[in-house]
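Trainee: compute the structure for the input listed below.
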Amino acid sequence: MKAYIMIQAKPGTSEEVVKAIKSRVKNVLHADSVYGRYDAIIVIEAPDLEKINEIIYKVVEKDPNIVHTETSITLF
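Mentor: Next up is the predicted model:
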């Protein structure tokens, strides 16, 4: 399974957020700071929905610089 995690971060922290996620999550396929509605987009791959849930709630959302996330899970 693959998931796209769109992140809104505190101002000026998007690069720090991306670096932290890359170092803490081995399932990251891509992680980039972006301009637009979100500050970063992370692509992760995991064997099942439970693992994706674990990554999002136990790792990503624990980052104090992350204000909001929105996750889209691929269908195929």
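Trainee: neighbours of the residue lying closest to Asn27 once chain neighbours are set aside, just the number please.
Mentor: Closest residue to Asn27 apart from its sequence neighbours, by CB to CB, 6 or more residues apart in numbering: Ile44 at 4.6 Å. Bear in mind the C-beta positions are built from the backbone N, C-alpha and C, glycine included. For Ile44, the neighbour count with other CB atoms under 10 Å is 24.
Trainee: please apply the same query to the one 3 residues further on.
Mentor: In terms of burial, Pro47 registers 9 neighbours under the definition other CB under 10 Å.
Trainee: that one contacts Met1, correct?
Mentor: Yes: with contact defined as CB atoms under 8 Å, Pro47 and Met1 form a contacting pair (7.1 Å).
Trainee: picking that back up, what sits against the residue nearest to Asn27?
Mentor: Lys2, Ala3, Ile5, Val25, Asn27, Val28, Leu29, Ile52, Ile55 (CB atoms under 8 Å, 6 or more residues apart in numbering).
Trainee: distance of Ile66 from Thr74?
Mentor: 22 Å (CB to CB, to the nearest Å).
Trainee: so which of those two has more stuff around it?
Mentor: In this view Ile66 and Thr74 are compared by other CB under 10 Å, and Ile66 has more residues nearby, 21 against 10.
Trainee: right, and the more buried one touches Val17 too?
Mentor: Yes: counting by CB under 8 Å, Ile66 does reach Val17; the two are 6.1 Å apart.
Trainee: who touches both of the two?
Mentor: With CB under 8 Å, 6+ apart, Ile66 and Val17 have common neighbours Ile7, Ala9.
Trainee: residues near the nearest residue to Ala40 once chain neighbours are set aside, how many?
Mentor: In space, Ala40 comes closest to Ile7 once its chain neighbours are excluded; the distance is 4.3 Å by CB to CB, 6+ apart. Ile7 is flanked by 26 other residues according to other CB under 10 Å.
Trainee: in three-state terms, label Ile7 for me.
Mentor: Of the three states, Ile7 takes strand according to DSSP: H, G, I helix; E, B strand; the rest coil.
Trainee: and it, how close does it get to Phe76?
Mentor: 24 Å.
Trainee: how about the contacts made by Ile55?
Mentor: Going by CB under 8 Å, 6+ apart, the list of residues near Ile55 reads Val25, Asn27, Ile44, Ala46.
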